[in-house]
Structure formats: C-alpha cells, structure tokens
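> what follows is a predicted protein model with its sequence.
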Amino acid sequence: MYDEKDPRDYVHSCYRKETYLQVYSYMMQPMNNSKFWAKTSKTGNDPRQPPLFKKMPRRHARNRRKEISEGSSGHK
C-alpha cells in the first residue's frame, strides 16, 4: 500500500469482520407466548406512555393587502 502502512490500523475495531461475528454469535431464543414475557410492574400494566403532545409555535397569520376596489370585509 501507499507508504507501506496497513489501512486496518486506521479503521475502528467495530467495523472488522471478527467483531461482527463475535457480536452476532449468540442467538436469541424465541418464546412461545406473551404470557412468558416478564411483567413490567407489580400490577402487570405497562407504565410506558407516549410523550405528551406539545403544540409547536407557528408563524403569525397575516391578512393580505386588499385592492382599493375590493373594499373592506364588513366585520371586525
């Protein structure tokens, strides 16, 4: 290679084939039914909730400039 340097010296270990094979060497065992799942609280209810809705600020609505021939809309 250029400058006789090994390019693998400049690549992080997480991108190497050996690391990939080591990470995915263990197989996750499937479960037969949801009744075997671990309970998340004492009552068995799922305490996780979606985040509260927060109304985002918007650009101020502006009235368009009307032509003189259009006149006013008639209300305030």
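Thanks, I have the structure now.

> which stretches of this structure form strands?
Assigned by DSSP state E, the chain shows no strands.

> give the residue farthest from the middle of it.
Distance from the centre of the chain peaks at S69, with 52.2 Å (C-alpha atoms, centre = their mean).

> pLDDT averaged over stretch 22-41 - what is it?
Mean pLDDT, stretch 22-41: 81.

> for stretch 68-76, same thing?
Computed over stretch 68-76, the average pLDDT equals 69.

> likewise stretch 6-16?
The model assigns stretch 6-16 a mean pLDDT of 88.

> how long is it from one end to the other?
14 Å (C-alpha to C-alpha, to the nearest Å).

> also stretch 30-39?
In stretch 30-39, first residue to last residue: 17 Å (C-alpha to C-alpha).

> check stretch 49-58 too.
Per C-alpha to C-alpha, stretch 49-58 runs 26 Å from first to last residue.
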